[in-house]
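Novice: need a structure here:
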Amino acid sequence: MYVRTHPIMILSNLWRVFYLIIIPVLRGFVLALQKDLFAWASGAWIDILIFVIMITIAVLQWYFQTYHYDSRVIYIRSGVFIRRNTVIFWKNISAISMIESFYLRPFRACFFRADTMGGSFKSSDLSIFLRPDKARAIMDFSGKRAADPVKNHYIPRRRSILALSVLTSNSFAGIVFISTFVSQSGKLLGNEFSDMIIFTFEDLARKLAFGIPPATAAIAYVLLGGWLIGFCSTMLNYRRFVLKKRNNTISIQSGLVTRREYSLNIRQINFIDIRQSVVAKILKLFSLYISIVGYGKHKDDITCVIPTEKEKTFTANRTLLFPDFVLSPPDLKSPKDGILRFIGQPLTVCICIPAAMGILIFLFSSWLSFVLYTGLMLMVPCVFFLVVRIIAFRTGGISKQGAYYTICYSSGFSLHTVVIPGDKIVSVRFRRSLFQVYGNSKTCDLFINTVAEGTKQHLCRNVNLEAATKLFADIDTVS
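Specialist: The predicted structure is shown next:
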């Protein structure tokens, strides 16, 4: 029997046809320019008719959208005038998720998603609103949870979540949130309100400048505020984190304000990713992420499955949850004279910034304090980037044990140790720069593409070409 989605789906459908509102808006704008109030009032029935059409379309789309599932597939019917039947096989579904946001909870609704390898990069194969009990029933049915008892159970300690929040929170996401809040408050409450927020912040930055230019103090406080928002967001997202592993699925529950639940197909895991920042490397802390289509795909998703732990505890949990992903130390590494392949780019930036500071101070001597402070602020991430590349040079490389490849490399400000099953590697590409070709180093940069929605690329720098070719001899798509 086909069942309809939650009625709140009407609001989602209404947003999709919101473009129709441009007709009454343009009509009102043109008549306002003509200052013809009578013509606007006499034609108000057109505006009302358009609103009625919008609501009718949204209601009909909800009414004709139904779903049904059996032991093999889940069926979705949709469309008013053109009927669309979608069939998704359970065996092809990699991830199912239900997101119960705080604003959906009063309506007893949640956002339900299902993803397969054949879907869109940006959107899920199935995205509907359901009652939480119905969404959870589908998740239980998909993983056959009743017949698949829990094998391992993992709940991180609070200090692990605290460490993850401290080490992984970035200022950029918080700054985007702050700017969006200020701009939207101006639209909802008037420009005077948003101007008041900005003026209050400027005044606070002047009072708390502590001898440095107010402009640089404002930049610093914006970065700090963005980091604090990112920290709080991560803490709330990973509170009440519970992971349950069964024979066929991994179930994850997490979130305090927004509650999330995932059901992941173990056979669809593409690789595991052990990540560290520079600080985490020094403190010997580790975090584990997994790559599976549909998990971590949307901005409101969580991505980490083992928050930041000390090495002994982390290794025990990793082995318990992912025993098949065998981690091996890299035996194919960059030669000792190949360090410039790693540090050339960050070292150039670290040299250019002081040079640019000297030129600016020479040309604009009145800006001395501002240029010095800004230059020092820019040097901090550049030095961190240089340190990351040095660590990657010392610890990076590739190895193989059984059917699993271990790849150690850096990306941005993070250090990665990735364990990939051989059957999840899509292609391997060797690239040699002019320095590698004419320098008689017999090395190459290795690009390894793994299964994802599209592909995920891993870059291992400056390894021996002949040894790398032999290591990946079993992979069909090597170029």
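
Novice: Where do the domain boundaries of the chain fall?
Specialist: When the chain is parsed with automatic domain parsing, its domains come out as 161-238, 326-479.

Novice: where among those domains is the average confidence lowest?
Specialist: Mean pLDDT is lowest for domain 161-238 among the domains of the chain, at a mean of 59.

Novice: Just give me the longest helix of the protein.
Specialist: Ranked by residue count, the top helix of the chain under DSSP state H comes out as helix 368-395.

Novice: Can you tell me what sits against the following helix or strand past that helix?
Specialist: Beyond helix 368-395 on the C-terminal side, the first helix or strand identified by DSSP states H and E is strand 397-401. Contacting residues not belonging to strand 397-401 are listed as 326, 328-334, 405-408, 446, 460, 463, 468, 471 [Cβ atoms under 8 Å, 6 or more residues apart in numbering]. Heads up, the C-betas are built off the backbone N, CA and C, glycines and all.

Novice: I'd like to know which of the residues you listed are buried.
Specialist: 330, 332-334, 405-408, 446, 460, 463, 468, 471 (16 or more other Cβ atoms under 10 Å).

Novice: closest to residue 160 among the residues you listed?
Specialist: residue 408 (22.9 Å; Cβ to Cβ).

Novice: Any chance of the backbone angles for that closest one?
Specialist: phi -110, psi 120 (degrees, to the nearest 10).

Novice: And the helices in the stretch 251-400 of the chain?
Specialist: Ranges of helices in the stretch 251-400 of the chain, per DSSP state H, counting those that start in this stretch, are 278-283, 311-321, 340-363, 368-395.

Novice: now the ones you listed as CSV including distance to residue 73 and mean neighbour count?
Specialist: Shown next, in CSV, are those (distance: least, Cβ to Cβ, whole Å; neighbours: other Cβ atoms under 10 Å):
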stretch, distance to residue 73, mean neighbour count
helix 278-283, 43, 15
helix 311-321, 29, 15
helix 340-363, 49, 14
helix 368-395, 45, 17
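
Novice: Would you reformat those as a markdown table and include distance to residue 151?
Specialist: Below are the helices of the stretch 251-400 of the chain laid out as a markdown table (distance: least, Cβ to Cβ, whole Å):
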| stretch | distance to residue 151 |
| --- | --- |
| helix 278-283 | 29 |
| helix 311-321 | 9 |
| helix 340-363 | 41 |
| helix 368-395 | 33 |
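
Novice: I'd guessed residue 392 sits against residue 413; true?
Specialist: No. Judged on Cβ atoms under 8 Å, residue 392 makes no contact with residue 413 at a distance of 11.0 Å.

Novice: just to revisit the earlier point, so for residue 304, which of the domains of the chain sits nearest?
Specialist: Among the domains of the chain, domain 161-238 comes nearest to residue 304, with 6.4 Å by Cβ to Cβ.

Novice: is it true that residue 429 touches residue 444?
Specialist: No. Contact criterion Cβ under 8 Å: residue 429 and residue 444 do not qualify, at 9.4 Å.

Novice: And those two? Which one has more around it.
Specialist: residue 444 (22 against 14; other Cβ atoms under 10 Å).

Novice: and the more buried one, helix, strand or coil?
Specialist: The three-state label given to residue 444 by DSSP: H, G, I helix; E, B strand; the rest coil is strand.

Novice: and it, what are its bridge partners?
Specialist: Going by DSSP bridges, residue 444 is paired in beta bridges with residue 463.

Novice: got a list of what it touches?
Specialist: By Cβ under 8 Å, 6+ apart, the contact list for residue 444 reads 430, 431, 432, 436, 462, 463, 464, 465, 468.

Novice: Could you pull up phi and psi at residue 323?
Specialist: The phi/psi pair for residue 323 (degrees, to the nearest 10) reads phi -70, psi -20.

Novice: Use 660 as the first number for this chain going forward.
Specialist: Taking 660 as the first residue, the last one we looked at is residue 982.

Novice: Which stretches in the stretch 710-859 of the chain count as strands?
Specialist: Taking DSSP state E, counting those that start in this stretch, the strands of the stretch 710-859 of the chain run over residues 725-728, 732-737, 743-748, 752-759, 769-775, 785-789, 811-813.

Novice: which helices and strands sit right next to the first one?
Specialist: Spelled out, that is strand 725-728. Counting contacts by 3 or more Cβ pairs under 8 Å, 6 or more residues apart in numbering; DSSP states H and E, strand 725-728 packs against strand 662-663, strand 732-737.

Novice: rewinding a little: out of the contacts of residue 1103, which is nearest to residue 1112?
Specialist: residue 1090 (24.1 Å).

Novice: Who are the contact partners of the closest residue to the closest one other than its chain neighbours?
Specialist: Nearest non-adjacent residue to residue 1090, counting by Cβ to Cβ, 6 or more residues apart in numbering: residue 1104, 4.8 Å away. Counting by Cβ under 8 Å, 6+ apart, residue 1104 touches 1000, 1089, 1090, 1091, 1092, 1095, 1118, 1119, 1120, 1121, 1122.
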